[in-house]
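Participant: Give me the fold of what follows.
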Amino acid sequence: MKSLIKYASRWFKSEKEISEAANYIGSVFHDDSDEQSFFDVVFAKFENYDQLSQAHENKTLSEDIDFIIQCAIDSLTSPEHLPRQSKQIYTFFYIYRRAAEYN
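Facilitator: I've put the predicted structure just below:
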């Protein structure tokens, strides 16, 4: 994995390091695919995250999960994402379940 990516956490008001794999998951929330395609992309990104995270001994797990949760919250509360929420809502339940598994 390349260098770690930094982001400013709204919750902690400080800079945190996240893995590139978590950043890839965060980028999926801008996907405008239909329900099944969106789920497939999210599923694949979480599988990739699991493999890379284990390979790097889960060094940024806590920060990664906080980042993923914040991305999901931002997507669910953003007016610009409102039209696609009904197509993708079941995937958000999957994301919630995956985040709960990590905690």
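Participant: alpha carbons only for contacts and neighbour counts from here, please
Facilitator: Fine.
Participant: nearest residue to Y24 other than its sequence neighbours?
Facilitator: Once flanking residues are discounted, Y24 sits nearest to K45: 7.0 Å by C-alpha to C-alpha, 6 or more residues apart in numbering.
Participant: give me the number of residues near E15?
Facilitator: Around E15 sit 11 other residues, with neighbours defined as other C-alpha atoms under 10 Å.
Participant: element containing F39?
Facilitator: helix 35-55 (DSSP states H and E).
Participant: got the contact list for whichever helix or strand comes after that helix?
Facilitator: Once helix 35-55 ends, the next helix or strand along the chain (criterion: DSSP H and E) is helix 61-77. Residues outside helix 61-77 that contact it (C-alpha atoms under 8 Å, 6 or more residues apart in numbering) are 9, 16-19, 22-23, 25-26, 29-30, 53, 81-82, 85, 92, 96, 99, 102.
Participant: If we use 7 Å, what do you get?
Facilitator: K16, E17, I18, S19, A22, I25, G26, F29, H81, A99 (C-alpha atoms under 7 Å, 6 or more residues apart in numbering).
Participant: And the helix holding F39, what does it pack against?
Facilitator: For helix 35-55, the packing partners by 3 or more C-alpha pairs under 7 Å, 6 or more residues apart in numbering; DSSP states H and E come out as helix 20-27, helix 82-102.
Participant: what's the angle from it to helix 82-102?
Facilitator: On the basis of axes from the mean of the first three to the mean of the last three C-alpha atoms, to 10 degrees, helix 35-55 is oriented at 30 degrees to helix 82-102.
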